[in-house]
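Q: structure here, sequence nowhere to be found:
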DNA sequence: GTTAGCACTCAACCATAAAGAGTGCTAACG
DNA sequence: CGTTAGCACTCTTTATGGTTGAGTGCTAAC
């Protein structure tokens, strides 16, 4: 397998692009008819045979045209000749949708995946930030019943989370209010994990001479953290039905597989946040995801965040035969728009 | 179309049951082989022809066996010869699941649909109570930022709801706490709509001589209700993938249709809560739902509630070819188990 | 009222044939 | 030596037709 000549690359690109748009295996004849080549089918056949040997193309069967392998798509994406700019219509839709709602984290994320599902024939996907890693703006305790307490946690990015737990002693709502105030005053810029760490440290140091209030807050916090809201992060999907429009998922078995992966979101999450080297944009093609059920899918995702902090990734899931040159700029654009919206 | 003879009924039941278990059109031969008939195929053919004429059976094409129409299933369900008792294994699973979690409304509902999806090859479905109709146990206001206020509402059945709104004036958290306390003291057994009604009445009466606090609480409530959390009720589904196992949904087009209905939950909700005559148990067969996309599906649902109040309906969605004699008791059982769990 | 017999219909299956697309290989060409 | 035309070959797709089997409706006899 030697280096690819300029012609090889050009042919590979042509095959990939044709396949992306037609969905059919592409043969040497079709290719030679294209005005971008002045070559006969025979010559192209030779080139394509080389590309097949190198693993960039394959044939569904003898006497069919070629289709790109994952490797072929990978090469194509890494050497994308040109991007399709995000249309002004699409920009408008993104802007309108994001501006139209409240700006709470969940709303922004929902708007993001919704717009992606609208603007593409693929599935919009976004990973929710791990709640424990989010900077807390506000904690409030609400007494429900006896020792049953509802905790309302609001993050700086506007996410609201409710956690139920049981305190060790019965406390009045007034006491809880004082605790809330105390904690909030203390809070400056800590994440939930940060608060937990602090509480545990303080308890371990076991100083005497705490004022009563602080001791009580610590005790309460401990029972709160004992429950460890391992609510973990989660993913949101939109537009699953879009996938049904693609011929590659006409087969019920294949569909079932992918929907199974969607149902238990864990595996999607792992693919999204899995590779920890947080590149701004990431394209995962077919089997690269290492997820059996997703081997016929590609993911294009980008980071979104707030004030320099990465919160998660947003993007689309579609067939490996995806219109990368259009999708990549679009995903970038939406991730950016969401981050800007969250800033406000 | 005259009244059905005992024999007609027996044949209809046999056809329905055979079809439910085989999924294939059932012919006169098959039927006559069954030990429950001592009749020749020819005789059965005559009976079946009558049933077809009356609209209880139909043929996919000449020279195929018969399958029940919606009307046939309807008759069968209305005259169910016997129920299959809920197995002790199933009871155990329901009990374990419900006992295992926290008892918050959402958890109970989730456990309910989950168990249904586990125990049947169909989709578990439950309608969430309309939040405005739920009796409020607790209201709490949390100041987020300037005039931005988060309201946490807890219902007696343990549902928690967050609503964001903007107050007219800037208030401190201390003030909000006092308002919360005041409102909660006032609250005794009102629904959210009830509270709204009360607030509007009080404001309309426009008495002078309110104490300051009450006036402020009223003002705050008004801006809260101005937003009208028309969060409406919602539905939860589980086990959508179960449907893919049924031969009747092997066709991608049909699948797409149903999943579309699932996606926009409004239509499901309408079917569930639509017919307002709240029978304890309800079976909706095929086109009876009046929902185009659901015409190949049946729903078996039962009411669940708390302290005599109906909160919503829980049940399953499956193909019209559903094992009604097993499903009906099961749905009843789960609805009952959920209601009992909510009582605690 | 029930049954046996018979002609008929129709989907499903299978084999075969023909068409069409595409290939690899070879030999000729500039 | 790269390029091209030609050709035999492969393999899918589509159409065709015949056969089988399940099931029916009708009629006549029991």
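A: Noted; the coordinates are in hand. Predicted model only: the values in this text are computed from it and were never measured. Numbering: from 1, shown residues only, chains lettered A, B, ... in the order given.

Q: okay, and the beta partners of residue A:123?
A: Applying DSSP bridges to residue A:123 gives these bridge partners: residue A:317.

Q: where does pLDDT dip in chain A?
A: By pLDDT under 70, the weakly predicted segments of chain A are A:1-3, A:206-213, A:227-233, A:275-277.

Q: which helix in it runs the most residues?
A: If each helix of chain A is counted by residues according to DSSP state H, the longest one is helix A:324-343.

Q: distance from the chain centre to that one, please.
A: 12 Å (CA atoms, centre = their mean, to the nearest Å).

Q: show me what the helix or strand containing residue A:217 is packed against.
A: Using DSSP states H and E, residue A:217 sits in helix A:212-226. Applying 3 or more CB pairs under 8 Å, 6 or more residues apart in numbering or on different chains; DSSP states H and E, one finds that helix A:212-226 contacts strand A:148-155, strand A:160-166, helix A:173-186, helix A:192-205. The C-beta positions use only the backbone N, C-alpha and C, and glycine is treated the same way.

Q: try 10 Å
A: Using 3 or more CB pairs under 10 Å, 6 or more residues apart in numbering or on different chains; DSSP states H and E as the contact test, the elements touching helix A:212-226 are strand A:136-145, strand A:148-155, strand A:160-166, helix A:173-186, helix A:192-205.

Q: just want the angle from that helix to strand A:160-166.
A: Here helix A:212-226 points in a direction 100 degrees away from that of strand A:160-166 (axes from the mean of the first three to the mean of the last three CA atoms, to 10 degrees).

Q: anything in the host helix or strand of residue A:9 near DNA strand C?
A: Under DSSP H and E, the secondary-structure element containing residue A:9 is helix A:6-22. No. Judged by CB under 7 Å from any atom of the strand, helix A:6-22 stays clear of DNA strand C, getting no closer than 9.2 Å.

Q: give the contact list for the residue nearest to residue A:42 when sequence neighbours are not counted.
A: Closest residue to residue A:42 apart from its sequence neighbours, by CB to CB, 6 or more residues apart in numbering or on different chains: residue A:28 at 7.4 Å. Contacts for residue A:28 were tallied using CB atoms under 10 Å, 6 or more residues apart in numbering or on different chains; they are A:11, A:15, A:37, A:39-49, A:65-66.

Q: go through the residues you listed and flag which are in helices.
A: For the contacts of residue A:28, membership in helices holds for A:11, A:15, A:41-49, with DSSP H as the criterion.

Q: got those as CSV, with neighbour count columns?
A: Listed next are the ones in helices among the contacts of residue A:28 as CSV, based on neighbours: other CB atoms under 10 Å in any protein chain shown:
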residue, neighbour count
A:11, 27
A:15, 28
A:41, 16
A:42, 9
A:43, 15
A:44, 22
A:45, 17
A:46, 13
A:47, 22
A:48, 24
A:49, 13
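
Q: would you check which pair of the residues you listed lies furthest apart?
A: In the ones in helices among the contacts of residue A:28, two members sit farther apart than any others by CB to CB. They are A:15 and A:42, at 16.2 Å.

Q: how about residues contacting the helix or strand harbouring residue A:71?
A: Taking DSSP H and E as the criterion, residue A:71 maps to helix A:70-78. By CB under 10 Å, 6+ apart, the surrounding residues in contact with helix A:70-78 are A:4, A:8-9, A:12-13, A:15-17, A:19-20, A:51-52, A:54-58, A:66-69, A:283-288, A:295-296, A:298, A:300, A:320-322, A:324-325, A:328.

Q: give me the nearest residue to residue A:173, chain neighbours excluded.
A: Nearest residue to residue A:173, sequence neighbours excluded (CB to CB, 6+ apart): residue A:143, at 4.6 Å.

Q: just the buried ones out of the contacts of helix A:70-78, please.
A: For those, burial is judged from neighbour counts taken by 16 or more other CB atoms under 10 Å in any protein chain shown, and it is met by A:4, A:8-9, A:12-13, A:15-17, A:19-20, A:51, A:54, A:56-58, A:66-69, A:283-288, A:295-296, A:298, A:300, A:320-322, A:324-325, A:328.

Q: return the residues of chain A in contact with DNA strand D.
A: Checking chain A against DNA strand D by CB under 7 Å from any atom of the strand, the hits are A:38-40, A:42-43, A:46, A:61-64.

Q: can you tell me the residue of the stretch 1-150 of chain A closest to DNA strand C?
A: When distances are taken as CB to the nearest atom of the strand, the stretch 1-150 of chain A approaches DNA strand C most closely through residue A:27, which lies 2.8 Å from it.
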